[in-house]
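Visitor: Kindly generate the corresponding structure for this input.
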Amino acid sequence: MAVVMHDAATEALAQAAGILIDWEDADGVARRVSPESLRAVLSGLGLPCASVSQCRESLAQAQMAAAETCRVVDAGAAVEGLSGHARLHLEDGGARDLDLDAAPVVDVTGYHTLEHDGGTLDLIVTPASGVTPAAERRYWGLAVQLYSLAGAGGFGDMAALADFAAQAANAGADALMLSPVHALFTADPSRYSPYSPSSRRFLNGWYAPTRTPLAADGRALIDWPEAVAAKMAALRQDFAAMGGSDDFAAYVAGADDGLRQHAMFEALYAHFHAQGGARGWQDWPEAYRRPDSPQVAEFARDHGEEVRFHLFLQWRAEAGLAQAANAAADMAIGLVGDIAVGIDKGGSHAWSRGDELMLGIGIGAPPDAFQAAGQNWGITSFSPLALRARSYRPFIDLLRSAMAHAGGIRIDHALGLRRLWVVPDGASPLEGAYLAQPEDDLLRLIALESRRHDAIVIGEDLGVVPPGLRDRLTERGILGMRVLPFERDRSGAFIPPGRWDAAAVAMTSTHDLPPIAGWWRGTDIDWRERLGAAGDRAAEREAREVDRASMWAATGSVDPQPTADDSAAAANAAIDMVAETPAALAIIPVEDLLALEEAPNLPGTVDEHPNWRRRLPDPADAIFARPDVGARIKRLNDERPR
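Guide: You can find the predicted model right below:
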């Protein structure tokens with residue numbers, strides 16, 4: 001009986017916390033999370049549940065955290081569920097008296113405050129949808145891994161981005177989609193994955209442009225430790241020359257607490273990493289694990305110039321990003337930033353504002369046909385309970401930072417707007433569960449900030465998409481992603497371009513897929529063979545031959561199908577297909593524009609494949625001067641009219 005009561009109390013707590021006890025896997029098979037896994041997930045969320053009494057205490061805690069202090073509503077919706085007289089304080093300083101018994105309608109979008117008989121409520125009123133590309137014509141753009149650009153030193157930076165953006169704009173591009181530019185761990189160049197950031201609110205200091213000359217590096221792959229060391233040495237020379245300027249002094253004077261804490265973290269991380277290789281604040285001495293400790297304040301006094309140096313990096317990176325945005329100003333859309341789905345638990349955000357996050361939890365994916373053991377990506381994200389308790393301020397700050405110099409953003413793993421697969425620390429992904437997110441509120445906030453920044457929003461809606469989510473994204477003006485290798489019917493045949501989704505971005509490939517030329521030739525199969533991955537390579541090559549014929553048939557071309565070695569012709573055909581779809585925006589990764597065969601990233605590998613290390617073969621001016629690139633761009637420009 002005690003076990004039954006404990007299990008029942010655990011399930012009640014799990015439901016209150018938003019854990020989906022019952023779910024369907026990728027094959028549509030009904031699954032149920034075991035009580036043991038529920039307890040592990042709840043504990044990871046900071047809700048102890050080792051006994052019935054603990055479950056009750058945690059339930060009260062969860063209910064208190066979920067108490068309504070903020071409401072997010074559509075403009076024109078009635079304010080319901082409250083009574084009596086209220087005073088609505090509008091964001092612009094105005095005010096209105098409301099009779100809550102009459103369910104008043106608020107039609108002014110913005111961040112308002114409602115004072116009523118029961119207390120104070122943050123009332124966020126949002127538009128029906130965000131900004132979408134104008135309908136008079138089709139748009140096209142490029143996607144680029146910023147580090148891959150040819151620039152001063154060993155990898156691309158904001159100056160190289162500005163150069164590439166100017167060249168792309170001159171060629172007629174409407175948008176330039178970037179890999180994430182989030183802050184990593186400046187003192188640790190071994191941590192260069194753009195999707196495992198220390199903070200998503202601040203910028204990668206490595207990308208700050210430098211005035212100190214750096215030798216070009218012509219190697220095909222980036223040596224991150226060597227390249228970062230050279231870049232940091234150059235930026236320290238810049239700091240010595242520019243750190244006393246009035247412009248930088250004004251930047252420092254205007255820095256908010258979040259920026260100052262980030263700079264402090266960077267200085268502390270460099271200090272402790274140099275001493276013993278600490279990889280996160282959890283490895284630091286206890287006294288330094290809180291930003292408000294006396295020891296941290298003392299460190300700031302003793303290492304003031306080092307903290308200022310990291311503020312300098314942010315200043316230079318922000319200025320460089322603004323210059324890149326200005327270079328893209330002639331584009332209809334401009335730069336499109338990328339928001340990674342999560343952050344490293346040992347990083348800046350977790351150190352300074354860990355109470356906003358799920359620090360006992362990793363996020364990933366449940367088991368499926370590709371990953372039988374499931375996935376734990378080694379990162380975490382916002383706690384839904386914490387977001388509600390803080391009136392969504394952390395999420396709003398993230399959107400604003402991403403849109404600050406952009407004409408659009410891409411939201412990585414947009415499926416996480418509805419639910420995230422969460423895995424307790426130390427557990428297998430098989431022991432995880434789906435955690436529901438405040439989907440309606442998040443979508444409304446995205447629409448509001450999209451309108452305020454005049455920025456389009458793209459949601460990466462690939463994988464096992466929950467029923468109805470794509471429709472919800474479309475309703476809010478969020479463009480989905482339709483990627484050529486995945487656009488097939490139930491038989492597996494490729495779908496002709498005329499039947500693609502119009503309310504989406506059409507793409508030839510992504511950073512996690514082989515470029516079309518590599519797919520056509522079978523470079524991805526060669527990699528799996530080289531790495532000894534499970535599977536039958538001969539069967540894969542036979543299936544690829546069938547897929548090549550299917551893709552060629554979908555193009556509608558009357559020309560003979562190119563051979564497997566004619567990968568450039570396949571890249572041409574893929575660009576033609578994407579340009580011919582009814583999608584609002586076509587995005588071509590620069591690897592496909594160049595008909596390259598190697599992918600930026602091979603999921604499931606770390607060191608076995610040179611992830612996030614490949615350079616583009618030429619500088620921007622040489623890339624856009626190539627005849628084959630010019631021919632592909634002409635195809636894109638010719639398909640603009642509707």
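Visitor: Can you give the distance of whichever helix or strand Ser550 is part of from its chain's centre?
Guide: Per DSSP states H and E: Ser550 is located in helix 537-555. From the chain centre to the centre of helix 537-555 is a distance of 32 Å (Cα atoms, centre = their mean, to the nearest Å).
Visitor: State the mean pLDDT of that helix.
Guide: The average of the pLDDT scores along helix 537-555 is 97.
Visitor: Extract the C-alpha set from the helix or strand that comes right after that helix and format it as PDB.
Guide: Scanning forward in sequence from helix 537-555 by DSSP H and E, the next helix or strand is helix 567-580. Taking C-alpha atoms only, helix 567-580 is exported to PDB below (Å, rounded to 0.1, in the frame of the first residue of the first chain):
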ATOM      1  CA  SER A 567      28.000  16.000 -57.800                       C
ATOM      2  CA  ALA A 568      28.100  19.600 -59.100                       C
ATOM      3  CA  ALA A 569      25.100  18.800 -61.400                       C
ATOM      4  CA  ALA A 570      23.300  17.500 -58.400                       C
ATOM      5  CA  ALA A 571      23.900  20.700 -56.500                       C
ATOM      6  CA  ASN A 572      22.600  22.700 -59.400                       C
ATOM      7  CA  ALA A 573      19.400  20.600 -59.500                       C
ATOM      8  CA  ALA A 574      18.900  20.900 -55.800                       C
ATOM      9  CA  ILE A 575      19.200  24.600 -55.900                       C
ATOM     10  CA  ASP A 576      16.700  24.700 -58.800                       C
ATOM     11  CA  MET A 577      14.300  22.600 -56.800                       C
ATOM     12  CA  VAL A 578      14.400  24.700 -53.700                       C
ATOM     13  CA  ALA A 579      14.100  27.900 -55.800                       C
ATOM     14  CA  GLU A 580      11.000  26.600 -57.500                       C
END
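Visitor: Measure how buried Leu38 is and give me the count.
Guide: Number of residues near Leu38 (other Cβ atoms under 10 Å) recorded here: 23. Placement of C-beta: from N, CA and C, glycine included.
Visitor: Confirm that it sits in a strand.
Guide: No: the assignment for Leu38, made by DSSP: H, G, I helix; E, B strand; the rest coil, is helix rather than a strand.
Visitor: Please tell me how far it sits from Ala17.
Guide: According to Cβ to Cβ, to the nearest Å, Leu38 stands 9 Å off from Ala17.
Visitor: Equivalent analysis for Thr563, please.
Guide: Distance of Thr563 to Ala17, computed by Cβ to Cβ: 56 Å.
Visitor: okay, these two: which has more neighbours?
Guide: The neighbour comparison of Thr563 against Ala17 (other Cβ under 10 Å) goes to Ala17, with 25 against 12.
Visitor: residues contacting that one?
Guide: Remark: with contacts taken as Cβ atoms under 8 Å, 6 or more residues apart in numbering, Ala17 is in contact with Leu42, Leu45, Leu47, Ala62, Leu385, Leu435.
Visitor: ditto for Leu415
Guide: Applying Cβ under 8 Å, 6+ apart to Leu415 gives the contacts Asp461, Gly463, Val464, Val465, Pro466, Leu469.
Visitor: how much space between the fifth one and Ala2?
Guide: Distance, Pro466 to Ala2, using Cβ to Cβ: 36 Å.
Visitor: quick one: which of the contacts of Leu415 has the most company?
Guide: Scoring the contacts of Leu415 on neighbours with other Cβ under 10 Å, the highest-scoring entry is Asp461 at 22 neighbours.
Visitor: Can you classify the residue nearest to it when sequence neighbours are not counted by secondary structure?
Guide: Distances taken as Cβ to Cβ, 6 or more residues apart in numbering place Gly480 nearest to Asp461, at 4.4 Å, with adjacent residues excluded. Under the three-state scheme (three-state DSSP), the conformation of Gly480 reads as strand.
Visitor: got a list of what the residue lying closest to His453 once chain neighbours are set aside touches?
Guide: For His453, the nearest residue in space outside its immediate sequence neighbours is Met403; the separation is 3.9 Å by Cβ to Cβ, 6+ apart. Contact criterion Cβ under 8 Å, 6+ apart gives Gly337, Ile409, Glu449, Ser450, His453, Ala455 as the residues in contact with Met403.
Visitor: Check the burial of the fourth one by counting its neighbours.
Guide: Okay, so that is Ser450. Applying other Cβ under 10 Å, we find 25 residues neighbouring Ser450.
Visitor: what does the first one give?
Guide: Using other Cβ under 10 Å, Gly337 has 24 other residues around it.
Visitor: Kindly report the same for the second one.
Guide: Using other Cβ under 10 Å, Ile409 is surrounded by 27 other residues.
Visitor: any idea of the mean pLDDT in the helix or strand harbouring it?
Guide: Under the criterion DSSP H and E, the helix or strand holding Ile409 is strand 408-411. The pLDDT scores in strand 408-411 average 98.
Visitor: Following element in sequence after it, please.
Guide: Toward the C-terminal end, the helix or strand that comes next after strand 408-411 (DSSP H and E) is strand 419-424.
Visitor: Now do that following strand: everything it contacts.
Guide: 20, 40-41, 43-45, 358, 360-366, 374-376, 381, 429, 431-437, 466.
Visitor: Got a PyMOL select line for the buried ones in those residues?
Guide: Paste this into PyMOL to select the buried members of the contacts of strand 419-424, with burial taken from 16 or more other Cβ atoms under 10 Å:
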select buried, resi 20+40+41+43+44+45+358+360+361+362+363+364+365+366+374+375+376+381+429+431+432+433+434+435+437+466
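Visitor: returning to what we had before: quick check: helices, which of the contacts of Ala17 are part of them?
Guide: Members of the contacts of Ala17 lying in helices (criterion: DSSP state H): Leu42, Ala62, Leu385.
Visitor: Please tell me how far the spatially closest residue to the first one that is not a sequence neighbour sits from Pro35.
Guide: Right, Leu42. Using Cβ to Cβ, 6+ apart and skipping residues adjacent in sequence, the residue nearest Leu42 is Cys49, 4.8 Å away. Relative to Pro35, Cys49 is positioned 9 Å away (Cβ to Cβ).
Visitor: Can you check which residues contact both of the two?
Guide: With Cβ under 8 Å, 6+ apart applied, the overlap between the contact sets of Cys49 and Pro35 consists of Thr10.
Visitor: Looking at these two, which one has more neighbours?
Guide: The residue with more neighbours, out of Cys49 and Pro35, is Cys49; 26 against 19, by other Cβ under 10 Å.
Visitor: Distance of that one relative to Glu36?
Guide: The gap separating Cys49 from Glu36 is 11 Å, by Cβ to Cβ.
Visitor: ok, now Trp206?
Guide: If you measure Trp206 against Glu36 using Cβ to Cβ, the figure is 43 Å.
Visitor: So these two - more neighbours on which side?
Guide: Neighbours per residue (other Cβ under 10 Å) separate Trp206 from Glu36, with Trp206 holding more: 26 against 12.
Visitor: Most neighbours among the ones in helices among the contacts of Ala17, which one?
Guide: In terms of neighbours by other Cβ under 10 Å, the ones in helices among the contacts of Ala17 top out with Leu42 at 26 neighbours.
Visitor: OK, contacts around that residue?
Guide: If a contact means Cβ under 8 Å, 6+ apart, then Leu42 has Thr10, Leu13, Ala14, Ala17, Ile19, Pro48, Cys49, Ser58 as its contacts.
Visitor: what do you get for Ile19?
Guide: Taking Cβ under 8 Å, 6+ apart, we find Ile19 in contact with Val33, Leu38, Val41, Leu42, Ala433, Tyr434, Leu435, Ala436.
Visitor: Identify the bridge partners of it.
Guide: On the basis of DSSP bridges, Ile19 takes part in beta bridges with Leu435.
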